[in-house]
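**Student:** sequence first, then the predicted structure:
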Amino acid sequence: GQSLEQPSEVTAVEGAIVQINCTYQTSGFYGLSWYQQHDGGAPTFLSYNGLDGLEETGRFSSFLSRSDSYGYLLLQELQMKDSASYFCAVRRDDKIIFGKGTRLHILP
Amino acid sequence: GAVVSQHPSRVICKSGTSVKIECRSLDFQATTMFWYRQFPKKSLMLMATSNEGSKATYEQGVEKDKFLINHASLTLSTLTVTSAHPEDSSFYICSARDIAGGSGYNEQFFGPGTRLTVL
């Protein structure tokens, strides 16, 4: 089966950098995705890593190490609007299975 | 990006009634859609995979007779919560993939969700 572990909560200061880690166990790995969800809203896709290394999209970057079954999401120049829950996810057959989510609190 | 709509956004019903939730892909065709359930401050729990023209595939522990799924066209899937009870109150979210674009199998587009409250 699949299992994903990520911290339940992270707190950071506006303007700073924060890293949200994710470790996974899965049979048949197709890559690691990250989603953002604001309270009351729908999840939105942030990034996908199919291969080892760093993928950068603006202020957000995502990293994957398949040998370590580990990835992270890096958020730079934090803004108050980045306060949300962040989910790592893996694909199982044609489905996507989500981690429990990390709630990011940003202090002014 | 691809757009998925969901209707209604909120519904309040009495215990014992049935509620239908619609999920539509607006600018792409989706042979497969997914239904999730989310409790407050919790993760998204996959309930079932909705396949156009065939029966839905339910995850372990999800009652298929209680959560009826119909995927009648390439742009519409419906979830009907039958004989709803207060414990069915939750946030129901659908999603779909646009195989032709984006990251293919690894990116899903979510509807805005339906907040169901059963009294």
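**Tutor:** It's in. Residues are numbered from 1 along each chain as shown, chains lettered A, B, ... in the order given.

**Student:** for residue A:56, list each beta-bridge partner.
**Tutor:** Here residue A:56 sits in beta bridges with residue A:61, going by DSSP bridges.

**Student:** how far away is residue B:74 from residue B:98?
**Tutor:** 12 Å (CB to CB, to the nearest Å). For the C-beta atoms, the positions are set from N, CA and C on the backbone; glycine is no exception.

**Student:** joint contacts of those two?
**Tutor:** B:25, B:30 (CB atoms under 8 Å, 6 or more residues apart in numbering or on different chains).

**Student:** who has more neighbours out of these two?
**Tutor:** residue B:98 (20 against 15; other CB atoms under 10 Å in any protein chain shown).

**Student:** pretty sure that one sits against residue B:109.
**Tutor:** Yes: the criterion here is CB atoms under 8 Å, and residue B:98 meets it with residue B:109 at 6.5 Å.

**Student:** run a quick neighbour tally on whatever residue of chain A ends up closest to chain B.
**Tutor:** For chain A and chain B, the shortest gap (CB to the nearest CB) falls at residue A:42, measuring 4.0 Å. Neighbours of residue A:42 under the rule other CB under 10 Å: 21.

**Student:** separation between it and residue B:60?
**Tutor:** 25 Å.

**Student:** repeat that for residue B:19.
**Tutor:** With CB to CB as the criterion, residue B:19 and residue B:60 are 23 Å apart.

**Student:** looking at those two, which is more packed in?
**Tutor:** Comparing residue B:19 with residue B:60 by other CB under 10 Å, the one with more neighbours is residue B:19, at 18 against 4.

**Student:** I'd like to know how far the residue lying closest to that one once chain neighbours are set aside sits from residue A:59.
**Tutor:** Excluding the flanking residues, the one nearest residue B:19 by CB to CB, 6 or more residues apart in numbering or on different chains is residue B:81, at 4.8 Å. For residue B:81, the distance to residue A:59 (CB to CB) stands at 39 Å.

**Student:** more neighbours, those two?
**Tutor:** residue B:81 (24 against 13).

**Student:** what helices and strands are in contact with the helix or strand of chain A with the lowest mean pLDDT?
**Tutor:** Between all helices and strands in chain A, the lowest mean by mean pLDDT, DSSP states H and E belongs to strand A:95-98, at a mean of 87. With contacts defined as 3 or more CB pairs under 8 Å, 6 or more residues apart in numbering or on different chains; DSSP states H and E, strand A:95-98 has these neighbours: strand A:84-92, strand B:44-51.

**Student:** so where does residue A:104 fall, helix or strand?
**Tutor:** strand A:102-107 (DSSP states H and E).

**Student:** the closest residue to residue A:30 other than its chain neighbours bridge partners, please.
**Tutor:** Once flanking residues are discounted, residue A:30 sits nearest to residue A:91: 4.2 Å by CB to CB, 6+ apart. Legend: beta-bridge partners of residue A:91 under DSSP bridges are residue A:96.

**Student:** I'd say residue A:91 and residue A:24 touch.
**Tutor:** No: using CB under 8 Å, residue A:91 is not in contact with residue A:24, being 10.9 Å away.

**Student:** need the strands for chain B, in chain order.
**Tutor:** B:4-7, B:10-13, B:19-25, B:32-38, B:44-51, B:57-58, B:67-73, B:76-81, B:90-96, B:109-110, B:114-118 (DSSP state E).

**Student:** pLDDT at the residue of chain B at minimum distance from chain A, what is it?
**Tutor:** Nearest residue of chain B to chain A (CB to the nearest CB) works out as residue B:110 at 4.0 Å. Note for residue B:110: predicted pLDDT of 92.
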